[in-house]
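*Asks:* Structure here, sequence nowhere to be found:
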């Protein structure tokens, strides 16, 4: 089916924005549900604003509809929503994931997940997905997690190798230790790590401890988990 004039103009704007950001070749296009978020300035206010929007600012599952165009490229993505083109680079974005939960902490069945990403201008954009009936949602969710991890993991590992301390929100790790707040442990003490009911927990010397805030408040938590798994695979964890 031939494109309309409006679709041609939108595609031209998307291609131009992607070209200016040097994010490579277009790999896939999806219809998505997205919203622009307006968070306050400053790191703490930004994170709180992102989380508040992800939890309360999205439409209900009944009213949600595909109102955005999502284009995935080699090194980033574009989100076209309400006449604006957001460009996200995989190597610099911060991704916060929110899964609606029941009061007792278990995931709310059938509710869409929300992914809040920062674009190259530092502006937050929220993508909604995760309902079984939404076609292709699992594809772009998995691709975003894979691409961000692939782009950020080598640089993060190199920083650790230089002796630096990496922070993921309130959680931090080095080649020797992992911790948050008053909790810290050397890697040989860490017997197991798990994600449960929206939190990351560590088994330290046989006792389980919650690591930091809720998983939703840890930017790029999948990169953090990949680093932990690599540290464990390298024999730094028993």
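*Replies:* Sure thing, it's come through. All values derive from a computational prediction rather than experimental measurement.

*Asks:* Contact partners for the residue positioned nearest the centre of the chain?
*Replies:* The centre of the chain sits closest to residue 95, judged by C-alpha atoms, centre = their mean, with a distance of 2.5 Å. Contacts for residue 95 (C-beta atoms under 8 Å, 6 or more residues apart in numbering) come out as 115-117, 144-145, 148, 219-220, 222. For the C-beta atoms, the positions are set from N, CA and C on the backbone; glycine is no exception.

*Asks:* Pairing partners for it in the sheet, please.
*Replies:* residue 117 (DSSP bridges).

*Asks:* Kindly provide the distance from it to residue 140.
*Replies:* Distance from residue 95 to residue 140, counting by C-beta to C-beta, to the nearest Å: 13 Å.

*Asks:* Then residue 221?
*Replies:* Taking C-beta to C-beta, one finds residue 221 at 18 Å from residue 140.

*Asks:* Same question for residue 82.
*Replies:* 19 Å.

*Asks:* again with residue 25
*Replies:* 17 Å.

*Asks:* From the neighbour counts alone, determine which of these two ranks first.
*Replies:* Set residue 25 next to residue 140 and count neighbours by other C-beta atoms under 10 Å: residue 140 wins out with 20 against 8.

*Asks:* contacts for the helix or strand harbouring that one?
*Replies:* Residue 140 belongs to helix 137-161 when assigned by DSSP states H and E. Identification of contacts with helix 137-161 by C-beta under 8 Å, 6+ apart yields 28, 30, 32, 70, 72, 75, 77, 89-91, 93, 95, 113, 115, 117, 127, 129-131, 166, 173-175, 220, 222-223, 226-227, 230.

*Asks:* Over to stretch 164-177?
*Replies:* With C-beta under 8 Å, 6+ apart, stretch 164-177 has contacts from 47, 156, 159-161, 163, 178-181, 184-187, 200, 211-213, 217-221, 223-224, 227-228, 231, 236.

*Asks:* Make a ChimeraX selection of whichever of the residues you listed turn out to be buried.
*Replies:* Of these, the buried ones go into a single ChimeraX selection, burial set by 16 or more other C-beta atoms under 10 Å:
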select :47,156,160,178,179,180,185,187,200,211,212,213,217,218,219,220,221,223,224,227,228,231,236
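
*Asks:* Among the contacts of stretch 164-177, name the ones in helices.
*Replies:* Judged by DSSP state H, the subset of the contacts of stretch 164-177 located in helices is 47, 156, 159-161, 221, 223-224, 227-228, 231.

*Asks:* from those, which is closest to residue 14?
*Replies:* The closest of the ones in helices among the contacts of stretch 164-177 to residue 14 turns out to be residue 223 (C-beta to C-beta; 26.5 Å).

*Asks:* For that closest one, list the residues it contacts.
*Replies:* 148-149, 152-153, 156, 168.

*Asks:* okay, now the domains of the protein?
*Replies:* 5-136, 165-233 (automatic domain parsing).

*Asks:* Let me have those domains in a markdown table, extended by mean pLDDT.
*Replies:* Formatted as a markdown table, those follow (pLDDT from 0 to 100):
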| stretch | mean pLDDT |
| --- | --- |
| domain 5-136 | 76 |
| domain 165-233 | 87 |
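
*Asks:* Quick check, residue 27 in contact with residue 75.
*Replies:* No: judged on C-beta atoms under 8 Å, residue 27 makes no contact with residue 75 at a distance of 10.2 Å.
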